[in-house]
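Visitor: The following comprises the amino acid sequence and a computationally predicted model.
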Amino acid sequence: MKTLGLLGGMSWESTTTYYQEINRRVRQVKGGLHSAQCIIFSFNFAEIEELQHAGKWDEAGKLLENASIKLKLAGADAIVLCTNTMHMVSSGIEPASQLPLIHIIDPTAELILRSGFRSVGLLGTCFTMEKNFYKARLVEKYGLQVIIPDKEGRTAVHSIIYTELCNGIIKEESREVYHKVTRDLKEAGADCLILGCTEIGLLVNATGSELPVFDTAQIHAIAAADWAMEDTA
């Protein structure tokens, strides 16, 4: 089995989801006591969050590149960036580490297309919803239509991620905020929903959702596990 190098800690709440989902997938496929071979570099998220909100994306990207080199030296065969937002500065990871990056958008978009959907509602941080790096890949590579919440909805979704979910805080009233935003996306023409932040799945799932849900953390983790198990049957 190949070894996965996880860039985590952004936040650690969702990195635990990755570790669980990757290992569950390996056990499901291979059975018995099989589990994944993983190396995790876990950031101090306070430092990353400060760079994000200061707009210092180049500095944040350099941190990812340096950490990916460490994962390579530790024996990783591929890099899994356990966050949506930081894929905005992920382009330097493969050149720096000389390892493949298993991109979070690709398995998500492929599953959406296989499921027959074409118009997606996107929830995530304001960086993910408003900047072009995420939407452009969905549109240009996969031909999907992307709909984001209005300004009020984007602000609410972003705030809940950083002030609650990244701190492990789950509130029913926040769940309802997300469901309302989802209903608005449906009315705007979305036929499915991307949970485009790896923390959102801690709060929202298919239960009670107005739209079919595609949880990027779960989908990405399963894709990474499947990659690690290729040609190892």
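Guide: Looks like it arrived, so ask away.
Visitor: Ramachandran angles for the residue located most distally from the centre of the chain?
Guide: Largest separation from the mean C-alpha position in the chain: residue 32, at 28.4 Å (CA atoms, centre = their mean). Backbone dihedrals for residue 32, given as degrees, to the nearest 10, come out at phi 60, psi -140.
Visitor: ok, now how distant is it from residue 222?
Guide: According to CB to CB, to the nearest Å, residue 32 and residue 222 sit 19 Å apart. Where you see a C-beta, it was placed from the backbone N, CA and C, and this is true even at glycine.
Visitor: now the helices: where do they sit in this structure?
Guide: With helices called from DSSP state H, the chain shows them at 12-30, 45-53, 57-74, 93-97, 105-114, 126-130, 132-136, 142, 151-163, 172-187, 216-229.
Visitor: Which of those sits closest to residue 210?
Guide: Closest to residue 210 of the helices of the chain, according to CB to CB: helix 172-187, at 4.8 Å.
Visitor: by contact count, what packs against that closest one?
Guide: Packing contacts for helix 172-187, counted by 3 or more CB pairs under 8 Å, 6 or more residues apart in numbering; DSSP states H and E, involve strand 119-123, helix 151-163.
Visitor: okay, these, which one's buried deepest?
Guide: strand 119-123 (a mean of 24; mean count of other CB atoms under 10 Å).
Visitor: what's the closest of the helices and strands packed on helix 172-187 to residue 16?
Guide: helix 151-163 (16.1 Å).
Visitor: tell me the angle the closest one makes with strand 119-123.
Guide: Orientation check (axes from the mean of the first three to the mean of the last three CA atoms, to 10 degrees): helix 151-163 against strand 119-123 gives 50 degrees.
Visitor: Can you show me the CA trace of helix 151-163 as PDB?
Guide: Only the C-alpha atoms of helix 151-163 are listed here, as PDB (Å, rounded to 0.1, in the frame of the first residue of the first chain):
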ATOM      1  CA  LYS A 151     -23.700  38.400   0.300                       C
ATOM      2  CA  GLU A 152     -25.700  37.900   3.600                       C
ATOM      3  CA  GLY A 153     -25.600  34.100   3.100                       C
ATOM      4  CA  ARG A 154     -21.900  34.000   2.300                       C
ATOM      5  CA  THR A 155     -21.100  36.100   5.400                       C
ATOM      6  CA  ALA A 156     -23.100  33.800   7.700                       C
ATOM      7  CA  VAL A 157     -21.700  30.600   6.200                       C
ATOM      8  CA  HIS A 158     -18.100  32.000   6.600                       C
ATOM      9  CA  SER A 159     -18.600  33.200  10.100                       C
ATOM     10  CA  ILE A 160     -20.000  29.900  11.300                       C
ATOM     11  CA  ILE A 161     -17.000  28.000   9.900                       C
ATOM     12  CA  TYR A 162     -14.400  30.100  11.600                       C
ATOM     13  CA  THR A 163     -16.100  31.000  14.900                       C
END
